[in-house]
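Engineer: structural data only, the sequence is not supplied:
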């Protein structure tokens, strides 16, 4: 029996791993999936290969980007199985009892309803900054898009607890990337740029919408793709070598060549490996020559509240 077959038979599912790496710091975040709708965030310090386990969320989660310094995470999530009341309230369980499908981030104020109540109480008061249009100018009582179960969020890894949430238009919008530590580009229309804020956003943090007719946005994405140190053909050879020729083949989730250290990292069958001096080896030798630095098989859902330091922008 292969290692993969053994892990699947013991825990009943295959562990899947995704990863996002900071561009200006030796930091990364791992998203572990398994079983199907259970997702777990893990912080990774590449300097000493240490890992910090964070929160879990039930639903669907996709990593979008890690800020250059690695201290903020942009992710997209969906929880269509929640009831309308649960989606509106966005209240996690704090009693210690696991509730199927309950959101796994800190409570967010219901900005739309709060805005309406604020307008009734203070008809002559200025509209709060966090409910204005993204250009910073007040355009009436503009509120965040209605929450229908899909959203983009910024959090402090390894926690899902959101500093800010942008409800998505189904799967048609959502996601984005960091232009810098203090600016995010969102794949949203203008009407989707107003966030629900759990923590008041600092004035220095900027939000920009992505439009295909903005050449600088396209250039940024192209530069990111071109700047990745492993080209397509070489990447395919590495994946094929790691997967092996035996059946069933090993499952390769991702490969990453660290630009600063030159070390190759990869995830195979729910474990993470590191390999130095890899360019002189045949890809079929990588797994044997590499060092396993973490194995994330066998984990189970745990409830956790984000600590106070995770609920600050800086």
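Structural biologist: Okay, I see it. Because the structure is a prediction, the values reported are computed rather than measured.

Engineer: surely residue 19 is in a strand?
Structural biologist: Yes. The assignment for residue 19 is a strand, going by DSSP: H, G, I helix; E, B strand; the rest coil.

Engineer: ok, it - how many residues close by?
Structural biologist: Residue 19: 21 surrounding residues under other C-beta atoms under 10 Å. To be clear about C-beta, it is placed using only N, CA and C from the backbone, and glycine gets the same treatment.

Engineer: what sits against it?
Structural biologist: Residues in contact with residue 19 (C-beta atoms under 8 Å, 6 or more residues apart in numbering) are 28, 29, 30, 31, 44, 63, 253, 254, 256, 265, 267.

Engineer: the helix or strand that residue 43 is a member of pairs with which strands?
Structural biologist: Residue 43 belongs to strand 38-45 when assigned by DSSP states H and E. The pairing partners recorded for strand 38-45 under DSSP bridges are strand 27-33 (antiparallel), strand 50-58 (antiparallel).

Engineer: what lies in contact with that strand?
Structural biologist: 19, 26-33, 50-61, 73, 157-160, 272, 296, 299, 301.

Engineer: in the protein, which spans are helices?
Structural biologist: Remark: helices assigned in the chain by DSSP state H are 3-11, 84-89, 111-121, 215-227, 232-243, 286-289.

Engineer: so which of the strands paired with strand 38-45 is nearest residue 280?
Structural biologist: The closest of these to residue 280 is strand 27-33. By C-beta to C-beta, the value is 25.0 Å.

Engineer: distance check, residue 248 against residue 286.
Structural biologist: Distance of residue 248 to residue 286, given as C-beta to C-beta, to the nearest Å: 19 Å.

Engineer: same check on residue 306?
Structural biologist: Counting by C-beta to C-beta - residue 306 and residue 286 are separated by 37 Å.

Engineer: what of residue 176?
Structural biologist: For residue 176 relative to residue 286 (C-beta to C-beta), the value is 33 Å.

Engineer: please say which of those two ends up with more neighbours.
Structural biologist: residue 176 (22 against 19).

Engineer: for beta bridges, what are the partners of the residue nearest to that one when sequence neighbours are not counted?
Structural biologist: Counting by C-beta to C-beta, 6 or more residues apart in numbering, residue 176 lies nearest to residue 186, which is 4.1 Å off, once chain neighbours are set aside. Beta bridges link residue 186 to residue 176, residue 209, judged by DSSP bridges.

Engineer: pretty sure residue 186 contacts residue 178?
Structural biologist: No. Using C-beta atoms under 8 Å, residue 186 is not in contact with residue 178; the gap is 10.5 Å.

Engineer: out of the two, which sits in the more crowded spot?
Structural biologist: Each of residue 186 and residue 178 has its neighbours counted (other C-beta under 10 Å); residue 186 has more, 24 against 21.

Engineer: so what's the more buried one up against?
Structural biologist: 152, 166, 175, 176, 192, 193, 207, 208, 209, 210.

Engineer: okay if I get those as a markdown table plus distance to residue 292 and pLDDT?
Structural biologist: What follows is the contacts of residue 186, written out as a markdown table (distance: C-beta to C-beta, whole Å; pLDDT from 0 to 100):
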| residue | distance to residue 292 | pLDDT |
| --- | --- | --- |
| 152 | 33 | 95 |
| 166 | 38 | 93 |
| 175 | 31 | 93 |
| 176 | 33 | 94 |
| 192 | 42 | 87 |
| 193 | 43 | 90 |
| 207 | 40 | 91 |
| 208 | 40 | 89 |
| 209 | 42 | 88 |
| 210 | 38 | 86 |
